[in-house]
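[1] Here is a sequence with its predicted model. Questions after.
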Amino acid sequence: MSDTGPVTLSVSVNGASREIPYGSTLGQLVTGLTSAPSGVAAAVNETVVPRGEWARLRLAEGDRVEVLTAVQGG
């Protein structure tokens, strides 16, 4: 039997541990967490990631992700 490598990896999302599929991008994670990407900002390891890079940024074991959603209020 050959070792195909890890299937999942552990990241922190808004302070909570979460297992995600190995090779997941920030864009995939954000899509799974929010109903619409407008008004959403994301940071990985305390660095804000521009939306245009979300689809290319592959998450790694132990990454700390913060996903923030703007909410209008009165």
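    All right, it came through fine. These numbers were taken from a predicted model, which means no experiment stands behind them.

[2] right, and Asp63 touches Ala42 too?
    No - when contacts are counted by Cβ atoms under 8 Å, Asp63 is not listed as touching Ala42 (11.1 Å). Where you see a C-beta, it was placed from the backbone N, CA and C, and this is true even at glycine.

[3] Mind checking which of the two has more residues around it?
    Ranked by neighbour count (other Cβ atoms under 10 Å), Asp63 and Ala42 place Ala42 first, with 24 against 18.

[4] quick one, phi psi at that one?
    phi -140, psi 140 (degrees, to the nearest 10).

[5] got the contact list for it?
    Leu26, Val30, Val48, Val49, Arg51, Trp54, Val65, Glu66, Val67, Leu68 (Cβ atoms under 8 Å, 6 or more residues apart in numbering).

[6] Likewise for Leu9?
    Glu19, Ile20, Tyr22, Ser24, Leu59, Ala60, Glu61.

[7] I'd like the distance from the strand or helix carrying it to the chain centre, please.
    Using DSSP states H and E, Leu9 sits in strand 8-13. In terms of Cα atoms, centre = their mean, to the nearest Å, the centre of strand 8-13 is found 9 Å from the chain centre.

[8] Give the buried residues for whichever helix or strand comes after that strand.
    Counting by DSSP H and E, the next helix or strand C-terminal to strand 8-13 is strand 16-21. Using 16 or more other Cβ atoms under 10 Å as the test for burial, strand 16-21 gives Ile20.

[9] And the contacts of strand 16-21?
    Against strand 16-21 from outside (Cβ under 8 Å, 6+ apart): Val7, Thr8, Leu9, Ser10, Val11, Ser12, Leu29, Leu59.
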